[in-house]
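Trainee: sequence and predicted structure are below.
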Amino acid sequence: MTSAPDITAMMLVRDRAGLLKHAAASVLAQSEPSFELLILDDGSTDDTWSVAEQLAAADPRVRLLRNFRSAGIPAARNQVLAEARGRVIAICDSDDVSRPDRFAAQLAALDADPELVGVGGRFELFETAPRSGSEPSWHWGLRDGRLPFAFPTAMLRADSLREVGGFDERWPVAEDLQLAYRLAAAGGSFALVNEVVLDYRVHAGSSSSRALRREWNTLRAQLFGLRALRGRFTLRGYLVLVQSALRCVLAALGLRR
């Protein structure tokens with residue numbers, strides 16, 4: 001019987017048969033050897049499942065889960081969390097590309113500081129080919145109403161996730177920000193690995209209805225965080241709340257996509 005891996009790479013996928021192989025290959029090429037790739041096909045209607053089966057047949061580090069009907073992102077993440085054998089969870093979206101040393105750098109940061117519940121990293125944007133863009137100069141910080149880092153770069157302690165109940169399935173959008181606030185309220189802290197660990201794929205804009213759902217749930221998560229942190233937002237954080245409310249109004253009017 002083989003020992004459990006240190007890392008479970010969590011990869012949710014739906015209708016991305018053309019992208020899955022590239023994203024999975026970047027995980028399987030990691031310089032850190034102790035990991036498993038747990039792919040959950042959340043109700044795909046294209047050839048995604050066939051691609052996933054090919055990946056699992058070619059590499060024993062790949063494990064598969066399947067929903068014939070989509071459960072939604074939070075529920076699907078909880079399914080993977082329940083099956084994960086790793087002591088940490090690496091978020092690996094099915095359209096992004098992890099750099100080869102991502103897992104090694106992030107695992108070293110977590111192991112160096114037991115107080116950390118999660119670490120992220122820098123990223124670069126691309127549309128078709130990696131390295132065609134650079135990381136935007138966004139400000140990350142829970143007291144500023146934002147995630148501590150871009151969630152697609154996250155590596156989180158599995159036990160810490162389970163202790164706060166995993167992902168809240170009542171949050172179809174912004175579940176990552178709401179989770180970060182719950183982890184912080186439980187005493188957890190976060191850090192950023194100061195190197196590019198991910199190439200983040202940029203997609204075309206969404207519909208106005210999707211924009212409204214995204215902006216409304218982001219505002220809800222920020223208000224949840226304000227309560228969780230007992231009002232200890234920075235001035236920037238309060239300004240971000242106002243900005244989020246304005247974005248909700250614009251989305252409701254069909255002026256934001």
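Mentor: Arrived safely. Source: prediction; values computed, not measured.
Trainee: so how far is the strand or helix carrying residue 241 from its chain's centroid?
Mentor: Assigned by DSSP states H and E, residue 241 falls within helix 235-252. Here the centre of helix 235-252 is set off from its chain's centre by 23 Å, with CA atoms, centre = their mean, to the nearest Å.
Trainee: so which bits of that helix are buried?
Mentor: 237, 240-241, 244, 247-248, 250-251 (16 or more other CB atoms under 10 Å). Bear in mind the C-beta positions are built from the backbone N, C-alpha and C, glycine included.
Trainee: stretch 13-30 now?
Mentor: Judged by neighbour count using 16+ other CB under 10 Å, the buried positions of stretch 13-30 are 13-17, 19-20, 23-24, 26-28, 30.
Trainee: re the thing from before, so what does the helix holding residue 241 touch, helix or strand wise?
Mentor: Under the contact criterion of 3 or more CB pairs under 8 Å, 6 or more residues apart in numbering; DSSP states H and E, helix 235-252 touches helix 208-228.
Trainee: what segments of the chain are strands?
Mentor: Listed in chain order, the strands of the chain (DSSP state E) span 7-13, 35-42, 62-67, 88-91, 97-98, 116-126, 155-157, 189-201.
Trainee: can you put these in TSV and add mean pLDDT?
Mentor: Shown next, in TSV, are these (pLDDT from 0 to 100):
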stretch	mean pLDDT
strand 7-13	98
strand 35-42	98
strand 62-67	98
strand 88-91	98
strand 97-98	96
strand 116-126	93
strand 155-157	98
strand 189-201	93
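Trainee: now do the same for the residue lying closest to residue 68 once chain neighbours are set aside: its pLDDT.
Mentor: The shortest distance from residue 68 to any residue other than its chain neighbours is 6.4 Å, reached at residue 43 (CB to CB, 6 or more residues apart in numbering). In this model, residue 43 is scored at 97, pLDDT.
Trainee: check residue 252 too.
Mentor: According to the prediction, residue 252 has pLDDT 87.
Trainee: and the nearest residue to it once chain neighbours are set aside, how many residues sit next to it?
Mentor: Nearest residue to residue 252, sequence neighbours excluded (CB to CB, 6+ apart): residue 212, at 5.6 Å. Residue 212 has 20 neighbouring residues, counting by other CB atoms under 10 Å.
Trainee: isn't residue 212 right up against residue 249?
Mentor: No - using CB atoms under 8 Å, residue 212 makes no contact with residue 249, being 9.7 Å away.
Trainee: which stretches of the chain have low pLDDT?
Mentor: 1, 128-139, 204-209, 257 (pLDDT under 70).
Trainee: could you list the domains of it?
Mentor: Using automatic domain parsing, the domain parsing of the chain gives 7-203, 206-257.
Trainee: about what we covered before: with distance to residue 109 added, can I get the strands of the chain in TSV?
Mentor: Formatted as TSV, the strands of the chain follow (distance: least, CB to CB, whole Å):
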stretch	distance to residue 109
strand 7-13	13
strand 35-42	16
strand 62-67	25
strand 88-91	11
strand 97-98	15
strand 116-126	5
strand 155-157	8
strand 189-201	5
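Trainee: quick one: closest of those strands to residue 173.
Mentor: Taking CB to CB, strand 7-13 is the member of the strands of the chain nearest to residue 173, at 14.2 Å.
Trainee: now the closest one - C-alpha only, CSV.
Mentor: What follows is strand 7-13, C-alpha atoms only, in CSV (Å, rounded to 0.1, in the frame of the first residue of the first chain):
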residue,chain,number,x,y,z
ILE,A,7,-0.9,17.3,-2.0
THR,A,8,-4.3,16.8,-3.6
ALA,A,9,-4.7,18.9,-6.7
MET,A,10,-8.4,19.7,-6.9
MET,A,11,-9.5,20.1,-10.5
LEU,A,12,-13.2,20.7,-11.3
VAL,A,13,-14.1,20.6,-15.0
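Trainee: I'm done for today, thanks for sticking with me.
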